[in-house]
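J.: sequence and predicted structure are below.
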Number of protein chains: 2
Amino acid sequence: METTSEQTREWLKSGDSREYFELVAFPTVGADPSRLRDCVACATWLKKWLKGIGAEAELVLPPQRGVSEEKAAALSVPVVFAELKGTEGAPTLLFYGHYDVQPADPLEQWETPPFEPTPRDGRVYARGAQDDKGQFFAFLCGLREFWREAGAEGRMRPNVKILLEGQEESGSTGLFRLLGEAEFRRRIAADVMLVCDTSAASDLRPAIVAGMRGVCHFTVRLEAASRDLHSGEFGGVAPNAAQGMCELLASLHDARGAIAVAGFRDGAVEPTAEELEAATAGAASAAEIAREIGTDPCGGERGVEPVRRGGFDPTIEVNGVHSGYGGPGSKTVIPCEAVAKLSMRLVPGQNPQRCFELVKEHLRARCPGGMRISFPEDSGLSSALKLPLGSPAMHLAEEVLSEMDVRGPVFRWEGASIPVVAALKETSGAAPILVGWGQSGDRIHSPNESFSVRQFLLAKQWGKTIVPRLA
Amino acid sequence: METTSEQTREWLKSGDSREYFELVAFPTVGADPSRLRDCVACATWLKKWLKGIGAEAELVLPPQRGVSEEKAAALSVPVVFAELKGTEGAPTLLFYGHYDVQPADPLEQWETPPFEPTPRDGRVYARGAQDDKGQFFAFLCGLREFWREAGAEGRMRPNVKILLEGQEESGSTGLFRLLGEAEFRRRIAADVMLVCDTSAASDLRPAIVAGMRGVCHFTVRLEAASRDLHSGEFGGVAPNAAQGMCELLASLHDARGAIAVAGFRDGAVEPTAEELEAATAGAASAAEIAREIGTDPCGGERGVEPVRRGGFDPTIEVNGVHSGYGGPGSKTVIPCEAVAKLSMRLVPGQNPQRCFELVKEHLRARCPGGMRISFPEDSGLSSALKLPLGSPAMHLAEEVLSEMDVRGPVFRWEGASIPVVAALKETSGAAPILVGWGQSGDRIHSPNESFSVRQFLLAKQWGKTIVPRLA
């Protein structure tokens, strides 16, 4: 299925695209407290939309008892929950998506404003155009079409529960809290769970996720002198927090690029031969990745294949490091403080809490003289997810996707994480099916994120095709 | 000499302080092109002030031929040059100061606005209150008083040349260029050069600078992928510029804190026993420094005394490092770019150009795979300055300061640099005397910089006392 410019013009005139543009225009940066009002507005818009297709829908707030005022604010981002009653006795489907998006910075690198969705050459450019507003909304458009048609024709329909949260990009704090409530767990109980927040293979060949890494984000702060000092007057005398932070972060990997934190990999489950073979079949080649990212894909441990480094090996990445002067010219300071943002990706068998403790121990033990280290923020502790090849849910997805595309699906082990999916799997009792339509060229989390009309139509078709098969 | 609050009130009513407040209020960040207008306004104010004391004064612009448009802008910061004709046949004094200041950021840490000089508890708070506006202007107030009185009484007066530049904090680009002109070198020819831009010992005991480290500032840029990437999707696959920069910067020092760049220290002249003894006598103790900076003064090489690390050893300091996300919460990116601001302090015998090349070689040789390193900016290449103990100029300064303070002066080897002083010494043929009244509690280059009334009055007295002795 290729989209022509004619199809794009058609689509741009459709109700689907009009609503999609409205949805994407909400600047729902869930991690930013100043965007809370926009998150509530977006959730309200979604509730109304879901009622429009016949669902009972409401905004759910996580319980706030026993939390500080500061944390309570973060717990004010609503979860949208809706139910479509299907045929009596039919199985229940839980659909999960997230309406929050990554921050848009660096703003100056956007060619068009991040929250003004702009169509160009068969794609729509905006923060959230793909991740995850584009993907979940296209799926829901497919669900809507099936629901109307099947209702009119009296065909079997499954029970559908829809859960859209607003904090996926910042650790799903509120939803994790809700999952602690027995009443909420009862409400989301389902047989199968569908998530449309992952990627297809190259050329949009369908892909089923068979594993996802876990994740933990945290902030490291290093403090030295009580203020920035003159680098001439105190150079060689005062400890330098920028230099200290560099030494600490450099110590996390050895000269071969392997993680150097003692015990970090203990318990990690190696992939099976079948998994490795399937992953290799579905993976982009090193040359393809190099074209995509603009440089040699030589991160991680030397001598290990990219498919293994990206899907089956854990990582510790520096997401940001900031200390001292960064403007034009020079400033003769010895920085008194340095802050780094780190994240770990974890594989099956690794305990997130234990890994976090090991990294903290490693850094504390190496804290340079005259400095104090602290870990002021952390979020999103979640385990890896392993979805066995050959299960009934996997088979069903394989069948439907083979009907949609003669090439049939590939299996992927995602390096990225949707932390709450493992928890939803446990608490809802549902068997997850993770099929999404992303492409790395969509630039999610980067400036100029986009989603193509072709991808939108595929995600919609997937929704329209898989849902009836669950009835 | 202690100032009482009565003296402070008196001073606050004086013409000196009124003019000083006007001078400090100009936001003369010489490194910031958007402050050019303020630099010109400040230079014009100084020219007028110098004419007011009877000098011929003008604004001099460095030659702009053969430079790019971008560089030409930086060469538009005027140098103020003035001459007071002294007694026929009297020796010539060259006085050097700088009216530019460091950037004021981080702004939020200032208790009062940086360019609204605010008196509080016997001090005046503002960017530039001390460095160098406060110091040179107090000296000039002393010179003015002597000039008027000696003129009225028909006493001998030296010829005085006054040179005030606006780019000391960013490498004295314009003045260095002017020093390349034979005509300008002829104009600044002098017998003795006075600079009031350094520090006194603790408790404001007078101090004479007997050595200064050289300096070189530069920027390191590291580029990896063509954009920031998702740290899940590409974690372990794509190279990480933040991590790469940390590894590069960590490699500049060994585990003992010594500089690890091969050949960097070659040729460095060790201090004499006399110099080390004099420096130790004039230096703050480790405990005093610890109180001052709020942490253990354990920078530089382990096992070496602070007085040696701060005055006689070279340094390579990270003045800033910036890459990726730094806001609240987390952002799952692999940064595609990292920028670091570095500076080296050099000791006698080290060639600045050679040291810079060695550091660049060291970093290039260690540039991580998949990344490109570049050095987009550098400035202020200058050698260390060594002023021999026992010279006639040093003796004169010693004598005058012993009259001003019964404790007599100490000798200091400054870790900080005034890059242009070594060049001025060469080109003017003058013997430098570096006596200043700074204290590390003045917080120069940091938020809440200040200068006390007591320091102002000492610098003024120094000007009023030393100038007649040069006639």
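T.: Sure, I can see it.
J.: so what strands line up beside the helix or strand A:L434 falls within?
T.: Assigned by DSSP states H and E, A:L434 belongs to strand A:431-434. With DSSP bridges as the test, strand A:431-434 is paired with strand A:192-195 (parallel).
J.: ok now whichever helix or strand comes after the strand it pairs with, how far from the chain's centre?
T.: Per DSSP H and E, strand A:192-195 leads on to strand A:207-212 as the next helix or strand towards the C-terminus. Remark: strand A:207-212 is offset 14 Å from the chain centroid, using C-alpha atoms, centre = their mean, to the nearest Å.
J.: mind giving me the packing neighbours of strand A:207-212?
T.: helix A:273-282, strand A:385-386, helix A:392-404, strand A:410-414, strand A:431-434 (3 or more C-beta pairs under 8 Å, 6 or more residues apart in numbering or on different chains; DSSP states H and E). Any C-beta I mention is one placed from the backbone N, CA and C, and that applies to glycine too.
J.: show the contacting residues for whichever residue of the stretch 51-200 of chain A sits closest to chain B.
T.: Distances between the stretch 51-200 of chain A and chain B by C-beta to the nearest C-beta are smallest at A:S170, namely 4.9 Å. Shown in contact with A:S170 (C-beta atoms under 8 Å, 6 or more residues apart in numbering or on different chains): A:30-31, A:74, A:100, A:379-380, B:329-330.
J.: residues contacting stretch A:359-374, please?
T.: The contact list for stretch A:359-374 (C-beta under 8 Å, 6+ apart) reads A:218, A:220-225, A:238-239, A:241, A:243-244, A:247-248, A:251-252, A:260-262, A:264, A:316, A:342, A:344, A:375, B:295-299.
J.: buried deepest among the helices and strands packed on strand A:207-212, which one?
T.: strand A:410-414 (a mean of 24; mean count of other C-beta atoms under 10 Å in any protein chain shown).
J.: output the strand holding A:L434 as CSV, nothing but the C-alphas.
T.: Written as CSV, here are the backbone C-alpha positions of strand A:431-434 (Å, rounded to 0.1, in the frame of the first residue of the first chain):
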residue,chain,number,x,y,z
ALA,A,431,-1.9,-11.2,26.8
PRO,A,432,-0.2,-8.2,25.2
ILE,A,433,0.1,-7.7,21.5
LEU,A,434,2.5,-4.9,20.6
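J.: can you give the contact residues for it?
T.: A:191-195, A:197-198, A:208-209, A:212, A:385, A:387, A:391-394, A:396-397, A:414, A:418, A:421, A:424-425, A:466.
J.: show the buried residues in those residues.
T.: Neighbour-count burial (16 or more other C-beta atoms under 10 Å in any protein chain shown) is assigned, among these, to A:191-195, A:197-198, A:208-209, A:212, A:385, A:387, A:393-394, A:396-397, A:414, A:418, A:421, A:424-425, A:466.
J.: domain parsing for chain A?
T.: Listed domain ranges for chain A are A:5-212+A:384-469, A:215-273+A:304-382 (source: automatic domain parsing).
J.: in CSV, list those along with mean pLDDT.
T.: Formatted as CSV, the domains of chain A follow (pLDDT from 0 to 100):
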stretch, mean pLDDT
domain A:5-212+A:384-469, 94
domain A:215-273+A:304-382, 95
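J.: pick the most buried one from those domains.
T.: Of all those, domain A:215-273+A:304-382 has the most neighbours on average by mean count of other C-beta under 10 Å, namely a mean of 21.
J.: number of residues surrounding A:E288?
T.: By other C-beta atoms under 10 Å in any protein chain shown, the residues close to A:E288 number 14.
J.: which ones are touching it?
T.: Here A:E288 is in contact with A:S202 (criterion: C-beta under 8 Å, 6+ apart).
J.: residues in contact with A:R120?
T.: A:T112.
J.: got the phi and psi for it?
T.: Backbone torsions of A:R120, given as degrees, to the nearest 10, read phi -160, psi 120.
J.: tell me the bridge partners for it.
T.: For A:R120, the beta-bridge partners are A:R123 (DSSP bridges).
J.: next one: it from A:N448, what distance?
T.: Look at A:R120 and A:N448: by C-beta to C-beta, to the nearest Å, they are 10 Å apart.
J.: element containing A:K71?
T.: Here A:K71 is assigned to helix A:69-74, by DSSP H and E.
J.: no, scratch that, I was asking about A:V160
T.: strand A:159-165.
J.: on that earlier part again, inside strands: which ones of the contacts of A:S170?
T.: Of the contacts of A:S170, the ones assigned to strands by DSSP state E are A:379-380.
J.: how about the contacts of A:S170 in JSON lines, adding distance to B:P352?
T.: Below are the contacts of A:S170 laid out as JSON lines (distance: C-beta to C-beta, whole Å):
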{"residue": "A:G30", "distance to B:P352": "50"}
{"residue": "A:A31", "distance to B:P352": "45"}
{"residue": "A:A74", "distance to B:P352": "51"}
{"residue": "A:D100", "distance to B:P352": "51"}
{"residue": "A:S379", "distance to B:P352": "46"}
{"residue": "A:G380", "distance to B:P352": "48"}
{"residue": "B:G329", "distance to B:P352": "43"}
{"residue": "B:S330", "distance to B:P352": "42"}
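J.: tell me the centre residue of chain A?
T.: In chain A, the residue lying closest to the centroid (C-alpha atoms, centre = their mean) is A:I418, at 4.9 Å.
J.: that one contacts A:R213, doesn't it?
T.: No: taking contacts as C-beta atoms under 8 Å, A:I418 lies outside contact range of A:R213: 10.2 Å.
J.: any idea how far the residue nearest to the centre of chain A lies from A:E169?
T.: 10 Å.
J.: what ranges do the strands span in the stretch 1-150 of chain A?
T.: In the stretch 1-150 of chain A, the strands defined using DSSP state E, counting those that start in this stretch lie at A:56-60, A:79-84, A:92-98, A:118-120, A:123-125.
J.: need those in JSON lines with distance to A:Q135, can you?
T.: Shown next, in JSON lines, are the strands of the stretch 1-150 of chain A (distance: least, C-beta to C-beta, whole Å):
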{"stretch": "strand A:56-60", "distance to A:Q135": "20"}
{"stretch": "strand A:79-84", "distance to A:Q135": "16"}
{"stretch": "strand A:92-98", "distance to A:Q135": "7"}
{"stretch": "strand A:118-120", "distance to A:Q135": "17"}
{"stretch": "strand A:123-125", "distance to A:Q135": "12"}
